[in-house]
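# Structure for the following, please:
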Amino acid sequence: MNELICLNDRSAIGKSRPAYIIAEMSANHGGDFHRAVEIIHAAKEAGADCIKIQTYTADTLTINSDKPWFTIKKSAWAGQNLYDLYKNAFMPWNWQAKLKEEAEKIGLDFFSTAYDKSAVDFLEDIGVSFYKIASFGLVDIPLLEYVSKTQKPILMSTGMATLSEISDAVNTIYRSGNEQLCLLKCSSSYPAVAEDMNLKTMKHLEMMYNIPVGFSDHSLNSISAITAVALGAKVIEKHMCLSRDITTADSGFSLEPTEFKQMVNDIRTAESAIGKVSYELSEREKISRQFRKSIFIVKDIKAGETISEEHIRVIRPANGLKSKYFNRIIGEAITQDVEKGMPMKWEYLNVDCVEELLDD
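Here you go, the predicted structure:
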């Protein structure tokens, strides 16, 4: 399967690429177009690679019913009716092409979560180059079939899903001939807590399907996202708002711009620290190397005397012989007077001894 997913002509997701960082706007626009534009610019300033929105209406997600199963019992939205929640939270579709244009104008990728076939058709019309499938949509096999037929890359969250359900979803996408898939580990609680993350599962998904993996994070900090990158996440998706004081359906588990920027900076620092397999010394290490330990004369010694542990020690700095020769030097005769504080040198030993040690 694909180890590199080209999202458009400038962005890609892959094992050799830095983590692709998505700022999820979701409902944080709060019904204000200008705020949505502000979030796009704030995401760019914070270092995001992409802004993501959601394309649905209350009627495409559910029906208007007061039956008890349409009322949320627990979670951040407890007590709300599904239809009313989505009616208040959705982004008007007539904004979306304009927001896409605004994002791309400042060098930010733009895509959306499609929740039904009409959303896919709409997003095709405005020219998105890749798609998101939410955790809640992973079990919508007809939607997966429809999105897959676009032959565009798909990022799919796996929150709440069993391994069997994930396999069904992946196989549905592959049957269409679309192998441009990235799976995102996700804990579908709002906000999510660390003990529910189980980030090792992300590595298992990578091994199972041999594709890039990532992490969709609903926590209120960046620790899990940074940890995920250290474990190999090639996508980080995180909700972003202008301020949690502006109350929306998602503000309670969204990062503010300064927090998001710090997360991005920390992720890039983590990637630098992860680096590559290398035993080469950096220039900074070369400077520090001179202060490693070596063998020094720590007591004045006269020519002809036998070297004992009273005369030499392994101490800093590194100007003397390597410590691996310490035991072999003990008992050898010194060839000249040497003062305390001098590094041990080959020239202080007889020729035969030096040759023997060099052959060791």
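# Would you map the strands across this protein?
Applying DSSP state E to the chain gives strands spanning 4-6, 12-14, 20-24, 50-55, 109-114, 131-133, 154-157, 181-186, 213-217, 235-239, 294-297, 312-315.
# Report all helices and strands that the second one contacts.
In terms of contacts (3 or more CB pairs under 8 Å, 6 or more residues apart in numbering; DSSP states H and E), strand 12-14 is packed against strand 4-6. To be clear about C-beta, it is placed using only N, CA and C from the backbone, and glycine gets the same treatment.
# Listing partners with orientation, what would you give for the strand it packs on?
strand 12-14 (antiparallel) (DSSP bridges).
# ok, residues contacting the strand it pairs with?
Around strand 12-14, the neighbours that count as contacts under CB atoms under 8 Å, 6 or more residues apart in numbering are 3-7, 20, 153, 182, 212, 214, 234-235.
# just to revisit the earlier point, among the strands of the chain, which is the most enclosed?
Stretch with highest mean neighbour count among the strands of the chain: strand 213-217 (a mean of 28; mean count of other CB atoms under 10 Å).
# Show me the contact partners of that one.
Taking CB under 8 Å, 6+ apart as the rule, strand 213-217 contacts 13, 19-20, 135, 155, 157, 159, 182-186, 192, 199, 202-203, 205-206, 224-225, 228, 232-238.
# Nearest residue to Val120 in space, please, no chain neighbours.
Nearest residue to Val120, sequence neighbours excluded (CB to CB, 6 or more residues apart in numbering): Ala114, at 4.7 Å.
# quick one, what contacts that neighbour?
Counted by CB under 8 Å, 6+ apart, Ala114 has contacts 55, 120, 123, 131-133, 137, 143, 147.
# can you name the two of those residues that are farthest apart?
Leu123 and Gly137 (13.7 Å; CB to CB).
# one step back: reformat the contacts of strand 12-14 as CSV; add distance to Tyr83 and pLDDT.
Below are these laid out as CSV (distance: CB to CB, whole Å; pLDDT from 0 to 100):
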residue, distance to Tyr83, pLDDT
Glu3, 42, 78
Leu4, 41, 91
Ile5, 35, 96
Cys6, 38, 96
Leu7, 33, 97
Tyr20, 34, 98
Pro153, 32, 98
Cys182, 31, 97
Pro212, 36, 96
Gly214, 31, 97
Lys234, 36, 97
Val235, 31, 98
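# among those, which two are most distant?
Farthest pair in the contacts of strand 12-14, by CB to CB: Cys6 and Gly214, 15.8 Å.
# which one among the contacts of strand 12-14 gets closest to Ile301?
For the contacts of strand 12-14, the nearest to Ile301 is Lys234 (60.8 Å; CB to CB).
# give me phi/psi at that closest one?
phi -110, psi 0 (degrees, to the nearest 10).
# if we can go back for a sec, of all the contacts of strand 12-14, which comes closest to Ile330?
Lys234 (55.0 Å).
# quick one, what contacts that closest one?
Contacts of Lys234 (CB under 8 Å, 6+ apart): 13-15, 17, 19-20, 182, 212-214.
# okay if I get these as CSV plus distance to Trp346?
Shown next, in CSV, are the contacts of Lys234 (distance: CB to CB, whole Å):
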residue, distance to Trp346
Ile13, 56
Gly14, 52
Lys15, 48
Arg17, 50
Ala19, 51
Tyr20, 56
Cys182, 59
Pro212, 54
Val213, 55
Gly214, 56
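# Relative to Phe110, which of the residues you listed is nearest.
Closest to Phe110, out of all of the contacts of Lys234 and judged by CB to CB, is Tyr20, at 13.3 Å.
# I figured Thr55 hits Tyr115, correct?
Yes: using CB atoms under 8 Å as the test, Thr55 is close enough to Tyr115 to be in contact (6.7 Å).
# where in the stretch 101-250 of the chain is pLDDT low?
189-190 (pLDDT under 70).
# Please repeat the previous calculation with a cut-off of 90.
160, 187-197, 218-221, 247-250 (pLDDT under 90).
# now stretch 198-217: how far from the chain's centre is it?
11 Å (CA atoms, centre = their mean, to the nearest Å).
# for stretch 110-118, same thing?
On CA atoms, centre = their mean, the centre of stretch 110-118 falls 24 Å from that of its chain.
# Likewise for stretch 64-74?
Using CA atoms, centre = their mean, the offset of stretch 64-74 from its chain centre is 36 Å.
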